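Undergrad: the following comprises the amino acid sequence and a computationally predicted model.
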Amino acid sequence: MSALFASSSSFLSSLSFVSGTRVRRSQVSSHHRHRSVLGVTTTKASSESMMDTLLGATIEGGDDLVKKSVEQYYGETLTTSADLKTSACCTPGGLPTYLKKCLRVVPDEIKAKYYGCGSPTPQGIEGLRVLDLGSGSGRDCYVAANLVGEKGFVTGVDMTDNQLDVARKYVDEYCKQTLGYKENNMKFVKGEIENVKQAGIENGTIDLAISNCVVNLSPDKKAVLQGVYDALADGGEFYFSDVYCDRRLDQELRKDPILLGECLGGAMYVEDFKRLCVSVGFTDPRVLEGHVIEVKDEKLQELLGEATFYSITYRLFKLPAGRLETLCEDYGQYAVYKGTIEGNPNAYSLDDHHRLETGKPMLVCGNTGSMLGETWLGKHFDVVGDRSKHYGLFDCGPSPVATSTGGGDGAPASGACC
């Protein structure tokens, strides 16, 4: 496997384009190949279980094997992020200015024990209720606590005692002294990301869920996504960075303790992940950004062969039934960005191919209109028009993250709007 680290721009141009929903000739052949692999007669329950394992939504060996491996790797094997053997759990350079500013006041120990593959904390989240899945040392929670202000609240969920001890260590000092709040607006609870309700997160109580290179570590990704979907209020969003692969990995690789800990063993084939999102209710997954992951260790390179891994930041919105459709539909709507999100006075990127300039009307499909006007983003946008008249399919144009250069060695990452 090539161990070259690519910038976001080269990543965008290297991935092959396959629409997530619109039927194309390449998809038909892919569909038939898929059926030939999965065409097994069995009971519905066992079929679903076999399918989940084959597609990487679950990992053979069960919860105990995976969780014990992950807990040991992050709680004992790794002492700092310098011990990592790949760039999968390392955020690339070039962080946004607002994040750099927030990170300057985060305690050093919190930052030293942070493992993540992206920057899953958006701006404009004042007053929101935030949930961080697999919060680890708490770095992203500390940043979010700053961004939501005193009227917002951040809850971190993690299963590793060592990480929770570090995360809780500075909460009082950080919230009351560093940020100057009267009360703490952040807490950390022990729990498993497959069952956030058991950790005390009630349905419909979260506006924004985030996670950073964590979902791939779960032995049951469908349970994670379903739990997040249930926890979100209508108009809420799951905004997260994680690791994906350009193919389905063999079971032996998925169970390897080092590959699991490095966030590679649990990486789903990106097309299977999109299907999983749709199955739990996140109908139109949107890609914000991504980059190719560098595998530094020669033994791991040999194990992984030609498999290529990507860190991708996805945006999954929860809206009432029927508001997000499987295709981009044209209702003659347009959206105008007000320029009111801090740090984004001139333009705002919803995803990798919807960047709205302040004050300039932009034609949008029904899904994009709902994401901008009917979610926590709504106060920052004017969406003009309704869905009373339909004009057919809306051509959103190809997602840059899913645009092919003809090499055929990438993985598609687009959703319905592509």
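TA: Perfect, I can see it now.

Undergrad: low-confidence ranges in this structure?
TA: Applying pLDDT under 70 to the chain flags residues 1-94, 116-119, 397-418.

Undergrad: top strand in it by residue count?
TA: Across the chain, the longest stretch assigned as strand under DSSP state E is strand 232-245.

Undergrad: which strands or helices does it pack on?
TA: Contact analysis of strand 232-245 by 3 or more C-beta pairs under 8 Å, 6 or more residues apart in numbering; DSSP states H and E lists strand 206-212, helix 221-231, strand 268-269, helix 270-280, strand 309-317 as its packing neighbours. C-beta here means a position set from N, CA and C on the backbone, and glycine is covered the same way.

Undergrad: just the angle for that strand relative to strand 206-212, thanks.
TA: 10 degrees (axes from the mean of the first three to the mean of the last three C-alpha atoms, to 10 degrees).

Undergrad: show me the contacts for the spatially closest residue to Pro345 that is not a sequence neighbour.
TA: Spatial nearest neighbour of Pro345, excluding adjacent residues (C-beta to C-beta, 6 or more residues apart in numbering): Gly339 at 5.2 Å. With contact taken as C-beta atoms under 8 Å, 6 or more residues apart in numbering, Gly339 is in contact with 345-346, 358-359.

Undergrad: can you classify Gly339 by secondary structure?
TA: Using DSSP: H, G, I helix; E, B strand; the rest coil, the structure places Gly339 in coil.

Undergrad: distance of it from Gly191?
TA: Gly339 sits 39 Å away from Gly191, going by C-beta to C-beta, to the nearest Å.

Undergrad: over to Asn344?
TA: Distance from Asn344 to Gly191, by C-beta to C-beta: 33 Å.

Undergrad: next, the contact list for the residue nearest the centre of the chain, please.
TA: Closest residue to the average C-alpha location of the chain: Phe240 at 2.8 Å, with C-alpha atoms, centre = their mean. Phe240 is in contact with 118, 120, 133, 209-212, 214-215, 313-314, counting by C-beta under 8 Å, 6+ apart.

Undergrad: which strand residues bridge the closest residue to it other than its chain neighbours?
TA: In this structure, Phe240 finds its nearest non-sequential neighbour in Ser211, 4.3 Å apart by C-beta to C-beta, 6+ apart. For Ser211, the beta-bridge partners are Leu133, Phe240 (DSSP bridges).

Undergrad: related to what we said a few turns ago, check the offset of the longest strand of the chain from the chain's centre.
TA: Offset of strand 232-245 from its chain centre (C-alpha atoms, centre = their mean, to the nearest Å): 5 Å.

Undergrad: helix or strand next in line after that strand, which one?
TA: Next helix or strand after strand 232-245 toward the C-terminus (DSSP states H and E): helix 251-255.

Undergrad: the helices in the stretch 51-200 of the chain, which residues?
TA: Along the stretch 51-200 of the chain, the segments classed as helices by DSSP state H, counting those that start in this stretch run 62-72, 97-103, 108-112, 139-148, 161-169, 171-172.

Undergrad: and the contacts of the third one?
TA: With C-beta under 8 Å, 6+ apart as the contact definition, helix 108-112 has outside contacts at 80-81, 103, 137-139, 142, 166-167, 169-170.

Undergrad: can I get the residues you listed in a markdown table with neighbour count and distance to Glu262?
TA: Below are those laid out as a markdown table (neighbours: other C-beta atoms under 10 Å; distance: C-beta to C-beta, whole Å):
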| residue | neighbour count | distance to Glu262 |
| --- | --- | --- |
| Thr80 | 12 | 15 |
| Ser81 | 16 | 12 |
| Leu103 | 17 | 23 |
| Ser137 | 30 | 17 |
| Gly138 | 32 | 21 |
| Arg139 | 27 | 19 |
| Tyr142 | 29 | 24 |
| Val166 | 21 | 21 |
| Ala167 | 26 | 22 |
| Lys169 | 16 | 26 |
| Tyr170 | 19 | 27 |
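
Undergrad: many thanks, I have nothing further to ask.
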